[in-house]
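Undergrad: Take a look and give me a structure for this.
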Amino acid sequence: MTLKGKTSLKRQFAHVKCSDEEVPMKYFRDARTARAAMLELGNRSWEYQYEFAVEMARRCKQVMRDDADMQQALALYERWYHPRKDGMLIVRLKLNPLPPYRRFPLLKDYTFLTDLFGRAQNMVVSQEALQFALSFAYATSHKKPLHRILLDKSNPFGMDLLSQRQRALEKIVPEDIEDVELYDWEYSRDGKVSRVPSRIHLEWLCWGYTPDENGIWECAHRELGDRLSPFL
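TA: Model prediction:
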């Protein structure tokens, strides 16, 4: 069931780690795998999720034939993206010149960054990234204009900030992200070996991006706990 002559899925979507030969079994073997595939994209942008669902439906149609399980997977993908065919999303997709794997969704919760900012300073993350992190985290927590205009892509200042962020992340985020590059290990205050963000992952985080928001939440929560433990 190999899709010959097609662009590698790993080149199109950064979160995909399997080969093209493994794609059907991993992503549209049945409705359950299709549902799990979409749930995995909870931290990705709407555009990214939309394009992934469309691509999966297209690939599924090419190989499913009379397979009832794959037909159910196709139905799930189509139900997922059809309601999102609104005019605004289509316009955003057409105006965005970047392939999905070079789009970097903003962190939804900047408390992660606040808890890890001290570590980022100690790891000598670039001054430009630290300044962006401070400004954006402060604005987000206080609901100041910086946060709103950064999300408003029609605002010239917001566009400038987004361009600055995009240029920085394109330089430091590889096209193929290996999980092993995201974290290091160290001893926590209680003597246990704990996973911590790597230096390069901290720099991405300062620019408001992580490919593993759940993992960062765990690290930030532990970091905050270590700082508070002397007072508890």
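
Undergrad: helix or strand right after the lowest-mean-pLDDT helix or strand in the chain?
TA: Across the helices and strands of the chain, mean pLDDT, DSSP states H and E gives its lowest value to helix 87-95, namely a mean of 59. Note on helix 87-95: by DSSP states H and E, the next helix or strand toward the C-terminus is helix 111-122.

Undergrad: how far is that following helix from where the chain is centred?
TA: 19 Å (CA atoms, centre = their mean, to the nearest Å).

Undergrad: so what does that helix touch, helix or strand wise?
TA: Packing contacts for helix 111-122, counted by 3 or more CB pairs under 8 Å, 6 or more residues apart in numbering; DSSP states H and E, involve helix 127-142, strand 193-197, helix 199-206, helix 213-228. C-beta coordinates here come from the backbone N, C-alpha and C atoms, glycine included.

Undergrad: ok, and what's touching it?
TA: 107, 129-130, 133-134, 137, 141, 196-197, 202-203, 205-206, 208, 210, 213, 216-217, 219-221, 223-224, 227 (CB atoms under 8 Å, 6 or more residues apart in numbering).

Undergrad: Roughly how far does residue 61 sit from residue 41?
TA: 20 Å (CB to CB, to the nearest Å).

Undergrad: Low-confidence ranges, this structure, go.
TA: 1-7, 42-43, 83-101, 151, 153-154, 189, 226-232 (pLDDT under 70).

Undergrad: Mind doing that once more with 50?
TA: 1-5, 232 (pLDDT under 50).

Undergrad: what's the domain layout of it?
TA: 9-102, 111-231 (automatic domain parsing).

Undergrad: could you dump those to a markdown table with mean neighbour count?
TA: Output for the domains of the chain, formatted as a markdown table (neighbours: other CB atoms under 10 Å):
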| stretch | mean neighbour count |
| --- | --- |
| domain 9-102 | 16 |
| domain 111-231 | 16 |
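
Undergrad: ok so, going back, for residue 170, which of the helices and strands packed on helix 111-122 is the nearest?
TA: Among the helices and strands packed on helix 111-122, the nearest to residue 170 by CB to CB is helix 199-206 (11.4 Å).

Undergrad: C-alpha coordinates for that closest one, PDB please?
TA: Extracted in PDB, the C-alpha atoms of helix 199-206 (Å, rounded to 0.1, in the frame of the first residue of the first chain):
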ATOM      1  CA  ARG A 199      19.100  24.500  25.700                       C
ATOM      2  CA  ILE A 200      17.900  24.700  22.100                       C
ATOM      3  CA  HIS A 201      14.400  23.700  23.200                       C
ATOM      4  CA  LEU A 202      14.400  26.500  25.800                       C
ATOM      5  CA  GLU A 203      15.300  29.000  23.000                       C
ATOM      6  CA  TRP A 204      12.400  27.800  20.900                       C
ATOM      7  CA  LEU A 205      10.200  28.200  24.000                       C
ATOM      8  CA  CYS A 206      11.300  31.800  24.500                       C
END
